[in-house]
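Enquirer: Could you look at this predicted model? Sequence included:
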Amino acid sequence: IVSFQRPKGSKGSEMVHFCGGSIINERWLLTAAHCFQGVSSSFKKMQAVVGTIKWKDSPHKYTLEKAFNHEKYDEDVYANDISLIKTKEPIKIVENKIQYLVNSVCVATPDTKPPESATVYGWGYLKEDGDPSPDLMKVTVNRTDTKECNKVYQEFVGNFTEQMICYMSPGKDACKGDSGGPLTQSIKRRGTQVGVVSFGHGCARPKTPGIYQEDVSAPLARIVGGKKVTIKQFPWMVSFQKQSGATFKHFCGGSVVNLRWILTAGHCFNGLKHSYKKVRAKVGATHWDTDAGTVYELAKVVVHENYQSFNYNNDIALIKLKQPVQFVSEGEHRLVNTVCMPSPGSQPPTRASVYGWGLLSTYGSTSSQLMKVILDKYDTSDCNDAYHQFVGKFTPQIMCYATAGKDACQGDSGGPLSTNIDGKEIQFGIVSFGQGCSLEDRPGIYTNVVLYMDWINKIITSDKQV
């Protein structure tokens, strides 16, 4: 937990708490965008305080370097109320003999559903007209039906976005000063952040829930720094699209491995195994959001039986289509084709291409056009050092790739990592996850396809339905 503080008064040296936050790695803090909206003139005077119950008494203080509010943050309705704050110096992990005093939070994976009950921490006001609490406080709140929440707040902000969730318990609530702090739940005995305190109407008023920003997986999402390409160059590329009202939105990539099967990441479908009828696969299109290409319905979803959402082990899935893919050509170029699979025992390439329709920056917009980036293999031991506190030690099935200023990002998940060998594009990896997008010393993580060829062949050959 982080206490963001600023000077009390224009010339005062005394610091006062104004918002909460959470540590997601040694240089980056997660908070609410409204905490840092319009503070450019006073930003350099602010500080982040960690490792303390009492926000006034911590020796662990850090100056701030940059604030990245979500570029689609709307202060009128609190849409996309989320921000990343970079510290000037790396945050040091602090522990005593029993427990950590300073450490990073685990962030929920994209397939994590909002819990029915969650915990909020902060130094916010103890009542509406009070002052910040001197001690860190916590409160447990229960999830509130979104429709009921909409009725309460419609006159203030209009309809909620899908990134908003509501929580409330009688006489309990977050309040002023708690903004930006984490909404958490325990997953496998680990405190996991599932939301960010956003706003509310008063504090603990009857039938008035608090509002939280749900989409906290973006900082841990997984093309940044890439160039535009066409489907003719990568005709096996698939856009998985989820129904959202009357339209469909791209959410993950994949690759055509044969006429009926698409290879992708397990986390893309882990929460959709029983609701995939609202998902479709589009092939043969450079732009995912146009009428170009062909759309296929899904017949079956097979996520690896040992997939683990908390550390992304075995992050692989096969998706069967209801109808065989029709190969399509335009002149000499294929618009739809299969990708080549690696031979058993093949070594991961030192340089490879990743392509997809993902975000163009950590909190940017999804690319309409297919993008490509070239990445270099990252030393496994260095990769372990970068991520061990978040997911533990990596298994051999995981590979790391990075290049300065370039990366896969949210929406690229499930897409292929491939390289050209003797004129054939061979898929060696699947975009799995990473911390932010193209952040310093945070390589992208990829599932090693070579080590899953037996599993892939077993699933495809054991399915006898035509």
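Expert: That came in fine, so what should we check first?
Enquirer: Surely His17 touches Phe4?
Expert: Yes. Shown here, His17 and Phe4 form a contact pair, counting by Cβ atoms under 8 Å, at 7.2 Å. The way it works is simple: take the backbone N, C-alpha and C, and place the C-beta from them, glycine included.
Enquirer: higher neighbour count, those two?
Expert: Per other Cβ atoms under 10 Å, whichever of His17 and Phe4 has more neighbours is Phe4, with 26 against 20.
Enquirer: what about the more buried one, helix or strand, and which?
Expert: Taking DSSP states H and E as the definition, Phe4 sits inside strand 2-7.
Enquirer: quick revisit: need the residues touching each of His17 and Phe4.
Expert: Common contact partners of His17 and Phe4 (Cβ atoms under 8 Å, 6 or more residues apart in numbering): Val49.
Enquirer: need the next SSE after the worst-scoring helix or strand of the chain on mean pLDDT, C-terminal direction.
Expert: Least confident helix or strand, the chain: strand 100-102 with a mean of 60, by mean pLDDT, DSSP states H and E. Next helix or strand after strand 100-102 toward the C-terminus (DSSP H and E): strand 106-107.
Enquirer: Return the list of strands paired to that following strand, each annotated with direction.
Expert: Sheet pairing for strand 106-107, assigned by DSSP bridges, gives strand 190-199 (parallel).
Enquirer: Rounded mean pLDDT for the strand it pairs with, please.
Expert: In this model, strand 190-199 has a mean pLDDT of 83.
Enquirer: CA atoms of the helix or strand just after that strand as CSV?
Expert: Counting by DSSP H and E, the element after strand 190-199 in chain order, helix or strand, is strand 210-213. Extracted in CSV, the C-alpha atoms of strand 210-213 (Å, rounded to 0.1, in the frame of the first residue of the first chain):
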residue,chain,number,x,y,z
GLY,A,210,-18.7,2.9,-3.8
ILE,A,211,-17.3,2.6,-7.4
TYR,A,212,-14.1,0.9,-8.3
GLN,A,213,-12.1,0.6,-11.5
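Enquirer: Give me the below-cutoff pLDDT ranges for the stretch 51-200 of the chain.
Expert: Counting by pLDDT under 70, the stretch 51-200 of the chain contains low-confidence ranges at 95-102, 104, 108-112, 127-130, 154-162, 171-174, 188-190.
Enquirer: where do the helices sit along it?
Expert: 146-157 (DSSP state H, counting those that start in this stretch).
Enquirer: For the stretch 101-250 of the chain, which segments count as strands?
Expert: Using DSSP state E, counting those that start in this stretch, the strands found in the stretch 101-250 of the chain span residues 106-107, 117-122, 137-144, 164-168, 182-187, 190-199, 210-213, 227-228, 237-244, 247-256.
Enquirer: Does the next helix or strand after the last one pack against any helices or strands, and if so which?
Expert: Remark: after strand 247-256, the chain's next helix or strand is strand 261-264, criterion DSSP H and E. The contact analysis (3 or more Cβ pairs under 8 Å, 6 or more residues apart in numbering; DSSP states H and E) places strand 261-264 against strand 237-244, strand 247-256, strand 317-321, strand 424-433, helix 453-462.
Enquirer: Relative to Asn270, which of the ones you listed is closest?
Expert: Nearest to Asn270, of all the helices and strands packed on strand 261-264, is strand 317-321, at 7.9 Å by Cβ to Cβ.
Enquirer: Parallel or antiparallel, list what pairs with the closest one.
Expert: Counting by DSSP bridges, the strands paired with strand 317-321 are strand 261-264 (antiparallel), strand 294-303 (antiparallel).
Enquirer: Who does Gly254 form a beta bridge with?
Expert: In this structure, Gly254 bridges to Val238 when assessed by DSSP bridges.
Enquirer: need the contact list for it.
Expert: 237-240, 262-264, 268, 281, 319, 414-415.
Enquirer: can I assume Val141 is in contact with Gly210?
Expert: Yes. Counting by Cβ under 8 Å, Val141 does reach Gly210; the two are 6.9 Å apart.
Enquirer: Could I get the average pLDDT for the strand holding Phe4?
Expert: Rounded mean pLDDT across strand 2-7 is 91.
Enquirer: How about stretch 306-316?
Expert: 87.
Enquirer: got it, and stretch 342-357?
Expert: 90.
Enquirer: Tell me which of the strands paired with strand 317-321 sits most buried.
Expert: Greatest average neighbour count among these goes to strand 261-264 (a mean of 25), per mean count of other Cβ atoms under 10 Å.
Enquirer: any idea how far that one is from the chain center?
Expert: Using Cα atoms, centre = their mean, to the nearest Å, the distance from the centre of strand 261-264 to the centre of the chain it belongs to is 21 Å.
Enquirer: Check stretch 280-292 too.
Expert: With Cα atoms, centre = their mean as the basis, the mean position of stretch 280-292 lies at 23 Å from the chain mean.
Enquirer: distance between the ends of that stretch?
Expert: The straight-line separation of the ends of stretch 280-292 (Cα to Cα, to the nearest Å) is 14 Å.
Enquirer: If you count neighbours, what's buried in that stretch?
Expert: Within stretch 280-292, the residues scored as buried using 16 or more other Cβ atoms under 10 Å are 280-289.
Enquirer: Farthest pair within those residues?
Expert: Going by Cβ to Cβ, the pair spanning those furthest: Arg280 and Thr286, at 17.5 Å.
Enquirer: Quick check: bridge partners of Tyr121?
Expert: Here Tyr121, judged by DSSP bridges, has bridge partners Lys138.
Enquirer: Quick check: it touching Gly191?
Expert: No. If you go by Cβ under 8 Å, Tyr121 and Gly191 don't touch, sitting 9.4 Å apart.
Enquirer: the more surrounded of the two?
Expert: Using other Cβ under 10 Å as the criterion, Tyr121 and Gly191 rank with Tyr121 on top: 20 against 15.
Enquirer: where along the stretch 351-466 of the chain do the strands fall?
Expert: Using DSSP E, counting those that start in this stretch, strands in the stretch 351-466 of the chain cover 351-356, 371-377, 398-402, 416-421, 424-433, 444-448.
Enquirer: Dump those into JSON lines; add distance to Asp135 and mean neighbour count as well.
Expert: Converted to JSON lines, the strands of the stretch 351-466 of the chain look like this (distance: least, Cβ to Cβ, whole Å; neighbours: other Cβ atoms under 10 Å):
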{"stretch": "strand 351-356", "distance to Asp135": "46", "mean neighbour count": "24"}
{"stretch": "strand 371-377", "distance to Asp135": "46", "mean neighbour count": "20"}
{"stretch": "strand 398-402", "distance to Asp135": "41", "mean neighbour count": "26"}
{"stretch": "strand 416-421", "distance to Asp135": "48", "mean neighbour count": "21"}
{"stretch": "strand 424-433", "distance to Asp135": "35", "mean neighbour count": "24"}
{"stretch": "strand 444-448", "distance to Asp135": "38", "mean neighbour count": "28"}
